[in-house]
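K.L.:
Sequence and predicted structure, then a few things I'm wondering about:
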Amino acid sequence: MAAENEIIKTAQAKMTKAEQALERELGNIRAGRANASLLDRIKVDYYGTPTPVNQMASITIPEARVIMVTPYDKSALKNVEQAILMSDLGINPANDGTAIRLVIPQLTEDRRKELAKDVKAEGERAKVAVRNVRRDAMDDLKKGEKANTYTEDQLHDLETQTQKVTDAAIKAVDAIVANKEKEVLSE
């Protein structure tokens, strides 16, 4: 019975990773509010090495719609500003000589609805990933039953456990999507 439990544990771990991936993706969707994770994917050319902004600068949120980026090395300020300009953020950085301010623009109603659709689409992708993990786990369980590792009754119990894990993961994905949708549509 240890191998079957391992199959379910592995499936659960993969489903958790799908939830975490969804949270990361949704963190990149701007909701008209300042969020430090917007800068996570931006890399700055720092002495010839592409370095993530969050490793070479302090990122703070002094106001609801402002991100303040203060490089630890003041000589890198221009490079950080350039990297933000070249990114797909669509925000013009304001350089005051010691820090960079990014003012997140207010979203229009149409843009909010568009972002809500994007959030739902990301949620569906995460659900598909969870269902694929479930399918793989079920296939592994059926292979074990064919190899006479366990009985048909045990297979049924294991499939039920796998379905419970899947249902919990889908519920978590729905909650993540609902929270992000609420965040995008409010303000």
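P.N.:
Structure's in. What do you need?
K.L.:
Low-confidence ranges, this structure, go.
P.N.:
1-4, 30-32, 187 (pLDDT under 70).
K.L.:
repeat that for 50
P.N.:
By pLDDT under 50, the chain contains no weakly predicted segment.
K.L.:
what packs against the single longest helix found in the chain?
P.N.:
Looking across the chain with DSSP state H, the single longest helix is helix 109-146. Where contact means 3 or more CB pairs under 8 Å, 6 or more residues apart in numbering; DSSP states H and E, helix 109-146 is packed against helix 2-27, helix 152-185. C-betas here are computed from N, CA, C, even on glycine.
K.L.:
Residue 76 is nearest to which of those?
P.N.:
Residue 76 sits nearest to helix 2-27 of all the helices and strands packed on helix 109-146, at 24.2 Å, using CB to CB.
K.L.:
Can you name the residues in contact with the strand or helix carrying residue 58?
P.N.:
Assigned by DSSP states H and E, residue 58 belongs to strand 57-63. Here strand 57-63 makes contact (CB atoms under 8 Å, 6 or more residues apart in numbering) with 34-36, 39, 53, 67-72, 76, 80.
K.L.:
ok, now which ones touch the residue nearest to the spatial centre of the chain?
P.N.:
Nearest residue to the geometric centre of the chain (CA atoms, centre = their mean): residue 24, 1.5 Å. By CB under 8 Å, 6+ apart, the contact set of residue 24 is 37, 40.
K.L.:
Mind doing that once more with 6 Å?
P.N.:
Residues near residue 24 by CB atoms under 6 Å, 6 or more residues apart in numbering: none.
K.L.:
Could you measure from the closest residue to residue 141 other than its chain neighbours over to residue 110?
P.N.:
Leaving aside its sequence neighbours, residue 141 sits nearest to residue 158 (CB to CB, 6 or more residues apart in numbering; 5.1 Å). Going from residue 158 to residue 110 by CB to CB, to the nearest Å gives 48 Å.
K.L.:
quick one, which of those two is more surrounded?
P.N.:
More crowded of residue 158 and residue 110, by other CB atoms under 10 Å: residue 158, with 23 against 8.
K.L.:
What's the separation between the more buried one and residue 176?
P.N.:
Note on residue 158: its distance to residue 176, by CB to CB, is 27 Å.
K.L.:
can you check residue 106 too?
P.N.:
24 Å.
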